[in-house]
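Asks: Pasting the sequence and the predicted coordinates here, then a few questions.
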Amino acid sequence: MADTAVRDPQVHELKTDPEPFSALGAKKVEIRRDDRRFAVDDYLRLREHDRTTDAYSGRVLWAQVTHVQRGYGLPFDFVALSLDLEVMAPGTHRCDGTCHEGPRDGDDCPLCCDEPQRMCSNCQSYS
């Protein structure tokens, strides 16, 4: 039976291997173990992580779940998540490049802020 309970969107912080992380944008679906009961409107904070060194690269990308697919050939404990990659972290804003040059903190995604509820220190405002 489908879970129809309404809940507030959750923020899930997830490690992502370098190859699938680099493909984000070209690919818009993540296949994940369904250990968090992902739901539509949840946010994913995808952090590039190298398993061989057990280190984070510092690259971060935010996405919002637009569709959750369970079943249909997927193993019972896996889920396909359709993602909107044109979203921002909850409580932040998209930087249009007028407040500073280029990505911040070595992050090459289009977001200037990588933490929820944190504003760009150069913009000093939310939009």
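Replies: Arrived safely.

Asks: which regions of the chain sit below the pLDDT cut-off?
Replies: Across the chain, the ranges flagged by pLDDT under 70 are 1-5, 87-127.

Asks: switch to 50 and redo it
Replies: By pLDDT under 50, the low-scoring segments of the chain are 1, 93, 95-127.

Asks: hey, where'd the strands end up in it?
Replies: In the chain, the strands defined using DSSP state E lie at 11-16, 29-33, 43-50, 55-69, 78-84.

Asks: The longest one pairs with which strands?
Replies: Read it as strand 55-69. strand 43-50 (antiparallel), strand 78-84 (antiparallel) (DSSP bridges).

Asks: okay if I get those as CSV plus distance to residue 63 and mean neighbour count?
Replies: Every C-beta, even on glycine, is put in place using the N, C-alpha and C of the backbone. Converted to CSV, the strands paired with strand 55-69 look like this (distance: least, Cβ to Cβ, whole Å; neighbours: other Cβ atoms under 10 Å):
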stretch, distance to residue 63, mean neighbour count
strand 43-50, 5, 19
strand 78-84, 4, 18
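
Asks: Distance to residue 31 for these - can I get that in TSV?
Replies: Shown next, in TSV, are the strands paired with strand 55-69 (distance: least, Cβ to Cβ, whole Å):
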stretch	distance to residue 31
strand 43-50	13
strand 78-84	6
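
Asks: before we move on, back to that, tabulate the strands of the chain (TSV), appending distance to residue 22.
Replies: Compiled in TSV, these are given as follows (distance: least, Cβ to Cβ, whole Å):
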stretch	distance to residue 22
strand 11-16	9
strand 29-33	14
strand 43-50	8
strand 55-69	9
strand 78-84	15
